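Chemist: no sequence for this one, just the structure:
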């Protein structure tokens, strides 16, 4: 206890000392989660990393329990999910928690990504940290997509058809790739089996990448709302108890909202058509993915060319990988970037507009609107970010985190 | 060194191949037999949907008007130019313009287009309309408007008699 930074901790408990001498897990926890010097000025946006971690654990726990009652076969999958809902003790609860957990995991991650973008957390020396985050985001999308196929409802089947068919846009080998993905000539039992296997595997790969994400984070420590590096002990506080408490509080508030939805509106975020068993001969009149994919779906549909649409959709995520190099400004935090601050707000509005475009049928004014919003999305990343960094005049920055915090308190 | 490395790479590829090929369709999936359909009960102007290889196949008994419209379209207006005749020819090279047999899967992202059942939206070209992303097909199943790149695919089929057709 009470060790300052740098000195190795001394454990009074003999068992802990014995273990730690051979496997230093207690020293590690002490160093990375207790004394770890953390900027003293985090706002509540900094809660969402911890919240996302809690959601990941929750998804794995509920998922493993669901797997014990689920049957991955086209003739039995739908009924086995209904059985979980109706007959299995507390099955309804575990399923509602898992189903809505996916949505709340994405909510947490989207806020976390926004935080990273608004406060410039991706800038040197945290580029790899950011890239690992984008990898986690991609893995989450794959996992969520395959999980949505498992109940084998109409949206499961047709969502899977549309998304796997994206690969048929690849010239020459596209159709062979799709047949390979399906294990047949259409989405069928082989597809359901492999999606189930992968849906169970990928979360553990996510855990591994999250571990790398945390390792990379602890090299240079967290960014903070000012974007200024801590210059000494006056700028930081130990992680425990300060941020274990603050994260804990945020997690509890988040879980309350999540529970309210899971208990009182479990199908609020889902599509009613997924309670119709999959029918390979009838496409639902209106195919929509889950809400967290809608902006990307809108980008896919905005381009009136098959290959072009697919490239634009994947490009919308690929652009995030190079974000650290597209942003030419040396100032991290938007707090000191008077123009960029508003551009970030516009980007959020743009993504929300894209979400509404994705939720509506591709007709009427939704087509030009989704095209305009898609153009703006790419404009933001490819033109605005590089140019703005050169021409924007940042506001004067406080000399240190402590100065910024104390001045705010005084004023 | 180079030889060892090259041999190692060949070995790694040889080991990887069974894992990759394992995901391809299995023998029983490939063995899905062809199907025979009696088209006698389909009246002029009607269409039916049959399932073949897990996919819907549209069989439409076209009206004179459908055929005339399809034949009158200049090739320059088609994103994927194909004559109407070439789309109604069976494997014995016999042309039957009244029977249009196609795989009912939109060439964009695989939805089943509307227009085969009475009362469904046939789209602006009187053929089929895909509700997913708005592709419109004409009375020959050719793509006219929307994101789909190709015409609806024609499976191999053979008329065994005037009323019996074998698909596959």
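Modeler: Sure, I can see it. These numbers were taken from a predicted model, which means no experiment stands behind them.
Chemist: and the helices in chain B?
Modeler: B:2-21, B:27-30, B:64-72 (DSSP state H).
Chemist: mean confidence score for the last one?
Modeler: The average of the pLDDT scores along helix B:64-72 is 92.
Chemist: by mean pLDDT, flag the weakest helix or strand of chain B.
Modeler: Least confident helix or strand of chain B, by mean pLDDT, DSSP states H and E, is helix B:27-30 with a mean of 83.
Chemist: got a list of contacts for that helix?
Modeler: Residues external to helix B:27-30 that are found in contact with it (Cβ atoms under 8 Å, 6 or more residues apart in numbering or on different chains): A:183-185, A:188, A:190. Bear in mind the C-beta positions are built from the backbone N, C-alpha and C, glycine included.
Chemist: buried set for it?
Modeler: Buried residues in helix B:27-30, counted by 16 or more other Cβ atoms under 10 Å in any protein chain shown: residue B:29.
Chemist: you'd agree residue A:369 is in a strand?
Modeler: No: Residue A:369 sits outside any strand when classified using DSSP: H, G, I helix; E, B strand; the rest coil, being helix.
Chemist: contacting residues around the closest residue to it other than its chain neighbours?
Modeler: In this structure, residue A:369 finds its nearest non-sequential neighbour in residue A:357, 5.7 Å apart by Cβ to Cβ, 6 or more residues apart in numbering or on different chains. Residues near residue A:357 by Cβ under 8 Å, 6+ apart: A:294, A:298, A:301-302, A:366, A:369-370, A:373.
Chemist: looking at these, which are in strands?
Modeler: The members of those all map outside strands under DSSP state E.
Chemist: what is the nearest of those to residue B:131?
Modeler: residue A:301 (12.1 Å; Cβ to Cβ).
Chemist: contacting residues for that closest one?
Modeler: So residue A:301 contacts A:309, A:357-358, A:362, A:370, B:133, B:147 (Cβ under 8 Å, 6+ apart).
Chemist: for those, which one is nearest residue A:87?
Modeler: In terms of Cβ to Cβ, no member of the contacts of residue A:301 lies closer to residue A:87 than residue A:358, at 35.5 Å.
Chemist: and which of the contacts of residue A:357 is nearest chain B?
Modeler: residue A:301 (5.5 Å; Cβ to the nearest Cβ).
Chemist: how close does that closest one get to residue A:215?
Modeler: 39 Å (Cβ to Cβ, to the nearest Å).
Chemist: same question, residue B:64
Modeler: Counting by Cβ to Cβ, the gap from residue B:64 to residue A:215 is 73 Å.
Chemist: all strands for chain A, in order.
Modeler: For chain A, the strands defined by DSSP E cover A:37-39, A:236-238.
Chemist: between those strands, which gets nearest to chain B?
Modeler: strand A:37-39 (44.0 Å).
Chemist: now for that closest one, which elements pack on it?
Modeler: strand A:236-238, helix A:239-264 (3 or more Cβ pairs under 8 Å, 6 or more residues apart in numbering or on different chains; DSSP states H and E).
Chemist: which of these sits most buried?
Modeler: Sort the helices and strands packed on strand A:37-39 by mean neighbour count, taking mean count of other Cβ atoms under 10 Å in any protein chain shown, and strand A:236-238 sits at the top with a mean of 18.
Chemist: so what are the sheet partners of that one and their directions?
Modeler: If you go by DSSP bridges, strand A:236-238 pairs up with strand A:37-39 (antiparallel).
Chemist: which residues of chain B lie near chain A?
Modeler: B:20, B:23-26, B:29, B:32, B:49, B:51, B:53-56, B:107-114, B:130-134, B:146-149 (Cβ under 8 Å from any Cβ of the partner chain).
Chemist: tell me, how many neighbours does residue B:14 end up with?
Modeler: 9 (other Cβ atoms under 10 Å in any protein chain shown).
Chemist: tell me the confidence at it?
Modeler: For residue B:14, the predicted pLDDT is 93.
Chemist: roughly how far apart are it and residue A:374?
Modeler: Residue B:14 is 44 Å from residue A:374, by Cβ to Cβ.
Chemist: closest residue of the stretch 251-400 of chain A to chain B?
Modeler: Closest point on the stretch 251-400 of chain A to chain B, by Cβ to the nearest Cβ, is residue A:283, at 4.2 Å.
Chemist: which ones are touching residue A:143?
Modeler: By Cβ under 8 Å, 6+ apart, the contact list for residue A:143 reads A:198-199, A:202-203, A:206.
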